[in-house]
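>>> Turn this into a structure:
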Amino acid sequence: MNTLIIFTLLITLMLTGMPISISLGLTVLSFLFFMTDVPVEAVALKLFTGIEKFEIMAIPFFILAGNFLTHGGVARRMIKFATAMVGHWYGGLGLGGVLACALFAAVSGSSPATVVAIGSILMPAMVKAGFPKRFGAGVITTSGALGILIPPSIVMVMYSVSTNTSVGALFMAGVIPGIVMAAMLGFTTWYRARSNNYPRQAKASWGERWKAFRESAWGLFLIIIVMGGIYSGIFTPTEAAAMSAVYAFIVAVFVYKDMGLKDVPRVLLSSANMSAMLLYIITNAVLFSFLMTHENIPQEMADWMIGTGVGVIGFLIIANILLLLAGNFMEPSSIVLILAPILFPIAMKLGIDPVHFGIIMVVNMEVGMCHPPVGLNLYVSSGITKMGITELTIAVWPWLLTMLVFLLIVTYWPPLSIWLPKTLGMIS
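Residues are numbered from 1 along each chain as shown. A predicted model of the protein is given here:
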């Protein structure tokens, strides 16, 4: 009964158009004050201890690093390197876009940042080269979603905060799925370009490729700093995030010099705004998780689901459908923070690896970012391409279908996610 009341109240508030974070907070406070005897002090204490986690500090640092890289000319150099490597194949600029998105994802941790950084430069170039606008929009919108799967990933940090799973293990678990997904999106791009005989670029010489690599090396080196630092044990993921922010600042301002010191306050303010928004969502989600635990809802749901004999395969089908449906109405951070505390205990009771389940959630978030009505990447792409959401939805469907096939693979083949962290001794 309590479960029904909580979710009815939450959905009603969300349907009024109220922001999800405020809907969460009001749902929790209304229920606790009017239907339980929980003292206000306990709520305040939970609120404070819930966000007093070292991992949360990684979020503003990764956002700051991504903003420095977006404004600091790193994306342009990565695109030049990517197109030098694969531009001579069918749909060369599109393939270059997929590769550039994968590379930029590995330094930014954010999906919308990847779409903005790569799309704003590559889209005009693709249209000028003779590619249909829809083709370019489809490539950039979906490939940008790699930003939350290829580590570092802000969404993975959110999942870690919600479930106490190792951030380092999640980052390593995202490497191979990220590469496989980039390859599948690249194949879809190549196949469509070949079928429609889209333009190819002249093959770059090895000298040109080396020059493009040398110019982009400062940005690419950040991948080694973050992933190498975490794997070798030199940094924790949070320390790696702080290092990446400092490194991105130095590269943007003093190495590439695409940004002056006068631009730094603007980037800092933009990063602070985004960080504050995410931390506010986290704060309210912590309260919601506290309410769930207090009312014993995840445990009751886990017992009920196991009692129905649904099994691992059935549960994963239900979880994927639920997460994909949530992607219709909420952005990734909110979905992870609301649904992870509910689904995670069930997954653990069924013996599903917590890291594997984290990757499944992240891939679902990727799909959600690319379809209406609230797919964040669609809105970002709409701003860049000046195309309507309906037209963009039609444009992305071949790549979206590829992402759904990949979701099935990653869901039912756990070694794809857990082999690397297991081999590195990060999980048993």
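>>> which residues are contacting stretch 240-248?
57-59, 61-62, 64-66, 68-69, 72, 74, 107, 152, 222, 225-226, 229-230, 235 (CB atoms under 8 Å, 6 or more residues apart in numbering). For glycine as for every other residue, the C-beta is placed from the backbone atoms N, C-alpha and C.
>>> mean confidence score for it?
The average pLDDT for stretch 240-248 rounds to 89.
>>> Figure out how far it is from the centre of its chain.
19 Å (CA atoms, centre = their mean, to the nearest Å).
>>> what do you get for stretch 170-181?
12 Å.
>>> hmm, back to that, any of the contacts of stretch 240-248 buried? List them.
57-59, 61-62, 64-66, 68-69, 72, 74, 107, 152, 222, 225-226, 229-230, 235 (16 or more other CB atoms under 10 Å).
>>> Which element, helix or strand, includes Ser160?
Assigned by DSSP states H and E, Ser160 belongs to helix 154-163.
>>> Export that helix to CSV, keeping only CA atoms.
Extracted in CSV, the C-alpha atoms of helix 154-163 (Å, rounded to 0.1, in the frame of the first residue of the first chain):
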residue,chain,number,x,y,z
ILE,A,154,29.5,10.8,-14.7
VAL,A,155,26.6,8.3,-14.8
MET,A,156,28.9,5.5,-13.6
VAL,A,157,29.8,7.7,-10.6
MET,A,158,26.1,8.2,-9.9
TYR,A,159,25.5,4.4,-10.0
SER,A,160,28.5,3.9,-7.7
VAL,A,161,27.1,6.5,-5.2
SER,A,162,23.7,4.7,-5.3
THR,A,163,24.9,1.2,-4.9
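>>> Quick one: residues in contact with the helix or strand just after it.
For helix 154-163, the following helix or strand on the C-terminal side (DSSP H and E) is helix 167-173. Contacts to helix 167-173, defined as CB under 8 Å, 6+ apart, come from residues 55, 58, 151-153, 156-157, 159-160, 227, 230-231, 236-238, 355-356, 358-359, 417-418, 420-421, 424, 426-427.
>>> which residue is nearest the centroid of the chain?
Central residue of the chain (CA atoms, centre = their mean): Ile148, 2.2 Å from the mean position.
>>> now stretch 251-260: mean pLDDT?
For stretch 251-260, the per-residue pLDDT averages 87.
>>> what's the single longest helix in the protein?
In the chain, ranked by residue count with DSSP state H as the criterion, the top helix is helix 264-294.
>>> so how far is it off the chain centroid?
With CA atoms, centre = their mean, you get 16 Å for helix 264-294.
>>> Ok, stretch 125-133 next?
That offset, for stretch 125-133, works out to 27 Å (CA atoms, centre = their mean).
>>> Could you do stretch 112-123 as well?
15 Å.
>>> Any of the contacts of helix 167-173 buried? List them.
Here, 16+ other CB under 10 Å leaves 55, 58, 151-153, 156-157, 159-160, 227, 230-231, 236-238, 355-356, 358-359, 417-418, 420-421, 426-427 buried among these.
>>> remind me which residues of the stretch 51-200 of the chain are low pLDDT?
For the stretch 51-200 of the chain, the stretches with pLDDT under 70 are 51-52, 72.
>>> mind redoing it with 80?
In the predicted model of the stretch 51-200 of the chain, residues 51-56, 70-73, 108-110 satisfy pLDDT under 80.
>>> the helices in it, which residues?
Ranges of helices within the stretch 51-200 of the chain are 58-71, 74-86, 92-108, 111-129, 133-143, 154-163, 167-173, 175-195, based on DSSP state H, counting those that start in this stretch.
>>> Show me what counts as buried in the fourth one.
When burial is assessed from 16+ other CB under 10 Å, helix 111-129 yields the following buried residues: 111-123, 126-127, 129.
>>> now for it, which elements pack on it?
For helix 111-129, the packing partners by 3 or more CB pairs under 8 Å, 6 or more residues apart in numbering; DSSP states H and E come out as helix 58-71, helix 74-86, helix 92-108, helix 133-143, helix 376-385.
>>> quick one: that helix to helix 74-86, angle?
60 degrees (axes from the mean of the first three to the mean of the last three CA atoms, to 10 degrees).
>>> what do you get for the first one?
Interaxial angle, helix 58-71 versus helix 74-86 (the same axes, to 10 degrees): 70 degrees.
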